[in-house]
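> model this:
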Amino acid sequence: MHVLLVEDGPDDVAAVRRLIDRNEPPLCLTVLRDGLEASAYAAKLPGELPDLILLDINLPGLSGIEVLRRVKAEPRLRDVPVVVLSGSDSDEDVRAAQDLGAHSYLIKPLRAQDLGWIARSVASYRTRLARLSATAPAGEGRAS
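Model prediction:
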C-alpha cells in the first residue's frame, strides 16, 4: 500500500514514519511538506497513485481544506481515500473536511491502532471498488 502524507511538522512526519515502519504488511510512504507541493502533485500526478492520503489541515502555502478540494476535483484521485490528520477538533474543520469527501478525520497524535484501522479500512474499500468495477456493465466501471 502506498501512503501519501501531506504534513509540514517534522515531529508528526517522524511519528507517522515510525508507525508506517511497524505496520504489517509494509507500507510505502511519500511525504509532501506543504499545500503547494501537494497541489502540484495532484495536478501532475506522477505514475503510481497513492492508495491513501493522510492530510494535515494546517499547512503552509495552501490549507489542507483547499488541498482536499483539489484532490477530490481531480478525476484520477477522486476515489483515493483521504484521512485528515489535525490538531484541531473544531466542528467547522470537521464539517468542511466531511463536506469535501474526506473519509475520516483523526485528531493528532496518530496512534498505532489508528494506522492499523486505516490500513484495513482502505484495503476493504479498494476490494469493494474492484468488485464493483468487475460487475459493472461495460463502460460503467470506475477506475480504482
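> E74 against L45, yeah?
Yes - counting by CB atoms under 8 Å, E74 does reach L45; the two are 7.2 Å apart. In this view, the C-beta of every residue, glycine as well, is placed from N, C-alpha and C.
> Taking the centroid of this structure, which residue is nearest it?
The centroid of the chain falls nearest to I53 when counting by CA atoms, centre = their mean (1.6 Å).
> Help me confirm that that one is found in a strand?
Yes - under DSSP: H, G, I helix; E, B strand; the rest coil, I53 sits within a strand.
> And it, how close does it get to P26?
To P26, I53 is 18 Å away according to CB to CB, to the nearest Å.
> R131 too?
Going from R131 to P26 by CB to CB gives 25 Å.
> Likewise for S86?
26 Å.
> which one of the two has more residues nearby?
S86 (18 against 10; other CB atoms under 10 Å).
> distance of the more buried one from Y105?
When distance is defined by CB to CB, S86 is 7 Å away from Y105.
> and for those two, which residues touch both?
D93 (CB atoms under 8 Å, 6 or more residues apart in numbering).
> tell me, how many neighbours does P25 end up with?
P25 has 7 neighbouring residues, counting by other CB under 10 Å.
> Can you verify L49 is assigned to a strand?
No - assigned with three-state DSSP, L49 falls outside any strand and is coil.
> List the residues that contact it.
If you count contacts by CB under 8 Å, 6+ apart, L49 has them with 2, 76-77, 80.
> will you turn those into TSV that also has secondary structure, neighbour count and distance to A15?
Formatted as TSV, the contacts of L49 follow (DSSP: H, G, I helix; E, B strand; the rest coil; neighbours: other CB atoms under 10 Å; distance: CB to CB, whole Å):
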residue	secondary structure	neighbour count	distance to A15
H2	strand	14	19
R76	coil	11	29
L77	coil	18	25
V80	coil	22	22
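> now the strands for this protein?
2-6, 28-32, 52-56, 82-86, 104-107 (DSSP state E).
> Contacts for the first one next, please.
Strand 2-6 is touched from outside by 13, 16, 20, 27-35, 37-38, 41, 48-56, 59, 64, 67, with contacts defined as CB under 8 Å, 6+ apart.
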